[in-house]
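J.: Let's see this in three dimensions:
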Amino acid sequence: TELGFLLAHPDQRIRLRAQMTLVEKNAVETLTSAAQKGEGFFDRLHGIWGLGQLGRSKPSVLKPLLSLFKDSNPEVRTQVAKVCGEASYAEAAVGLIELLKDQNVRVKAHAALALGRMKSNEATGPLFEVLAQNADADATLRHAAVMGLVGSADSKTLVESTRRPSSSERLGAVLALRRLANPGVAAFLNDAEPHVVLEAARAIHDVPIPAAMPSLAKLANKPGQSDPLIRRVMNANFRTGQLENAKAVAEMAANPLLEESLRVEAANELLEWNNPTPLDRVLGDYRPLA
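T.: Next comes the predicted model:
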């Protein structure tokens with residue numbers, strides 16, 4: 001009982017040691033009471049965190065926390081989502097999907113991360129809705145939704161997202177496929193939005209994803225490309241190293257519509273074609289070629 005009171009102590013060190021000791025004693029009732037009925041903010045959080053520690057080995061102890069998904073305090077909702085995700089508590093999936101509609105961005109982000117950790121397939125559609133509604137406005141929320149998709153969506157669903165109407169959804173799929181190092185990301189190289197194409201190129205070139213490198217190389221001499229994209233396309237040809245790739249780079253070197261710096265880079269690639277340097281020509285990473 002005294003340890004339960006100490007969860008509300010003004011000194012963080014005492015609160016934390018009280019939490020740890022209650023966890024050692026497996027004091028589920030005391031921690032649950034603090035989480036649900038704590039008079040202050042801190043004792044509620046430490047109660048949630050303590051149950052979260054126990055939930056990693058016995059997820060069922062988190063069941064009393066499910067009612068807190070509707071708590072009035074957004075940080076309480078956030079921390080409950082977080083501990084349920086860390087414990088991969090499957091019964092929390094329905095509540096977490098509902099939290100994706102929360103008005104608080106932090107709550108939505110932690111719900112998305114939690115759903116990714118527990119690999120909930122039912123969350124795929126709602127996570128794409130989060131991406132569409134966010135419209136790339138909040139980078140943290142977009143990252144959370146992407147990590148949710150990495151865990152919850154299968155590769156086929158992500159690749160088929162080329163047909164989704166929102167560019168924010170398609171970009172999220174690209175970023176998820178990048179995390180998975182999936183060559184299916186090459187399907188987005190023909191997207192109507194230049195920034196989606198660029199992110200797909202970055203995924204293929206920068207990770208790298210060797211199986212998709214030939215697809216990136218085929219974008220050579222396509223009009224309207226940005227400098228970062230052209231350099232990656234050029235280097236994809238250089239790294240693929242076949243006769244048709246050398247011809248493509250030569251055409252870029254001779255293209256009067258390209259900036260001089262890009263034409264010089266193409267010429268330098270041809271000069272080093274048979275004796276490539278071990279450093280990547282775009283990123284500077286150590287990536288030796290045969």
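J.: Name the residues of stretch 33-49 that are buried.
T.: 33-36, 38, 43-49 (16 or more other CB atoms under 10 Å). Every C-beta, even on glycine, is put in place using the N, C-alpha and C of the backbone.
J.: do the same with stretch 183-197
T.: Quick answer for stretch 183-197 (16+ other CB under 10 Å): 183-189, 191, 196-197.
J.: tell me the average confidence for it?
T.: Averaged over stretch 183-197, pLDDT sits at 97.
J.: In TSV: the buried residues of stretch 183-197, plus secondary structure and distance to M213.
T.: What follows is the buried residues of stretch 183-197, written out as TSV (DSSP: H, G, I helix; E, B strand; the rest coil; distance: CB to CB, whole Å):
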residue	secondary structure	distance to M213
P183	helix	9
G184	helix	14
V185	helix	11
A186	helix	9
A187	helix	15
F188	helix	15
L189	helix	11
D191	coil	18
V196	helix	19
V197	helix	15
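J.: Closest one of these to V130?
T.: V196 (17.6 Å; CB to CB).
J.: who touches that closest one in this structure?
T.: 167, 170-171, 174, 188 (CB atoms under 8 Å, 6 or more residues apart in numbering).
J.: So which of the residues you listed are in strands?
T.: Among the contacts of V196, no member falls in strands (DSSP state E).
J.: between those residues, which is nearest L3?
T.: L171 (48.1 Å).
J.: so what's the closest one up against?
T.: With CB under 8 Å, 6+ apart, L171 has these contacts: 131, 136, 142, 193, 195-196, 199.
J.: Could you do H46 as well?
T.: 7, 15-16, 18-19, 34.
J.: what about 7 Å?
T.: 7, 15, 19, 34 (CB atoms under 7 Å, 6 or more residues apart in numbering).
J.: where's the closest residue to the first one other than its chain neighbours, which helix or strand?
T.: Spatial nearest neighbour of L7, excluding adjacent residues (CB to CB, 6 or more residues apart in numbering): D43 at 3.9 Å. Secondary-structure element containing D43, defined by DSSP states H and E: helix 41-55.
J.: Alpha carbons of that helix, as CSV, please.
T.: Extracted C-alpha coordinates of helix 41-55, given in CSV (Å, rounded to 0.1, in the frame of the first residue of the first chain):
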residue,chain,number,x,y,z
PHE,A,41,-1.0,12.3,-13.2
PHE,A,42,2.2,10.6,-12.3
ASP,A,43,0.8,7.7,-10.2
ARG,A,44,-1.4,6.8,-13.2
LEU,A,45,1.5,6.7,-15.6
HIS,A,46,3.7,4.7,-13.3
GLY,A,47,0.8,2.2,-12.8
ILE,A,48,0.5,1.8,-16.6
TRP,A,49,4.3,1.5,-17.0
GLY,A,50,4.5,-1.1,-14.2
LEU,A,51,1.7,-3.2,-15.8
GLY,A,52,3.5,-2.8,-19.1
GLN,A,53,6.7,-4.3,-17.6
LEU,A,54,4.7,-7.3,-16.4
GLY,A,55,2.8,-7.5,-19.6
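J.: Next secondary structure after that helix?
T.: Next element after helix 41-55 (DSSP H and E): helix 74-86.
J.: who's in contact with that next one?
T.: 44-45, 48-49, 51-52, 55-56, 62, 65, 68-69, 71, 92, 96, 99, 102, 104, 106-107, 110-111, 113-114, 117-118.
J.: if we go to 6 Å?
T.: Contact partners of helix 74-86, identified using CB atoms under 6 Å, 6 or more residues apart in numbering, comprise 45, 48, 52, 62, 65, 68, 71, 92, 96, 99, 104, 106-107, 110-111, 113-114, 117.
J.: So, low pLDDT: which residues of the stretch 151-290 of the chain?
T.: Nowhere does the stretch 151-290 of the chain drop to pLDDT under 70.
J.: circling back: export the buried residues of stretch 183-197 to CSV and tack on distance to D280?
T.: Output for those, formatted as CSV (distance: CB to CB, whole Å):
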residue, distance to D280
P183, 19
G184, 23
V185, 19
A186, 19
A187, 24
F188, 22
L189, 20
D191, 25
V196, 23
V197, 20
